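Colleague: Pasting a predicted model and its sequence here:
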Amino acid sequence: AVYQADEAYLALMDYKTSGKPIYVYQGPMAASGGYYISCAGDKIYANRNTLTGSIGVIFGSSYDLTGLFEKTGIKSETIHSGRNKNMFNYNEPVTDEQRQIMQSICDECYEQFVSIVAKNRSMDFNEACKLADGRIYTAKQALENGLIDKIDSWDSMIEDFSEELD
């Protein structure tokens, strides 16, 4: 989730103020929140079979079951104040206003994510946007697009890290 990924990212960015390097090794998948957190790394390594990226935001799903309830005779009502308090609940259809509210939140989180990618991967924001369509990338594709720094093994990453510390 955006909150948890951002908390981990911010903690790592705070750690970076110590002057110690952060090396990231991505396992089988470092997508979405995993990639968000990876962006705190000074160097990002991936296994040759790692899938990474998925730069985008999903901000909730809504199921409108009102038609099914009506057909089966089920009654469900939520008492609430404020016309948007019950939004995205299964027992009321989503309104255009509610769609716009949720989309604006999603767009704000997306812009934050893309900005983090652009800043930490030394990319222009618009260039990062081109990569941020939600897809995952193979390690080779991620390297070609500047999302990672090296395709290698865990042991090689540890060796590189140790050499940097010497």
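Modeller: Right, received. Where do you want to start? This is a predicted model, so every value here is computed, not measured.
Colleague: use CA for all of it now, contacts and neighbours both
Modeller: Noted.
Colleague: the strands in the chain, which residues?
Modeller: Ranges of strands in the chain, per DSSP state E, are 23-26, 29-31, 43-46, 51-53, 136-138, 150-151.
Colleague: contact partners of the fourth one?
Modeller: So the one you mean is strand 51-53. 28-32, 34-35, 132, 134-139, 142, 147 (C-alpha atoms under 8 Å, 6 or more residues apart in numbering).
Colleague: Any of these buried? List them.
Modeller: Among those, those buried by neighbour count (16 or more other C-alpha atoms under 10 Å) are 29-32, 34-35, 132, 136-139, 142, 147.
Colleague: Any chance of the strands of the chain in a markdown table with distance to S104 as columns?
Modeller: A markdown table is the format used below for the strands of the chain (distance: least, C-alpha to C-alpha, whole Å):
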| stretch | distance to S104 |
| --- | --- |
| strand 23-26 | 31 |
| strand 29-31 | 22 |
| strand 43-46 | 31 |
| strand 51-53 | 22 |
| strand 136-138 | 24 |
| strand 150-151 | 35 |
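Colleague: okay, these in JSON lines with mean pLDDT and distance to K119 next?
Modeller: Listed next are the strands of the chain as JSON lines, based on pLDDT from 0 to 100; distance: least, C-alpha to C-alpha, whole Å:
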{"stretch": "strand 23-26", "mean pLDDT": "97", "distance to K119": "17"}
{"stretch": "strand 29-31", "mean pLDDT": "96", "distance to K119": "18"}
{"stretch": "strand 43-46", "mean pLDDT": "98", "distance to K119": "14"}
{"stretch": "strand 51-53", "mean pLDDT": "97", "distance to K119": "15"}
{"stretch": "strand 136-138", "mean pLDDT": "98", "distance to K119": "19"}
{"stretch": "strand 150-151", "mean pLDDT": "98", "distance to K119": "18"}
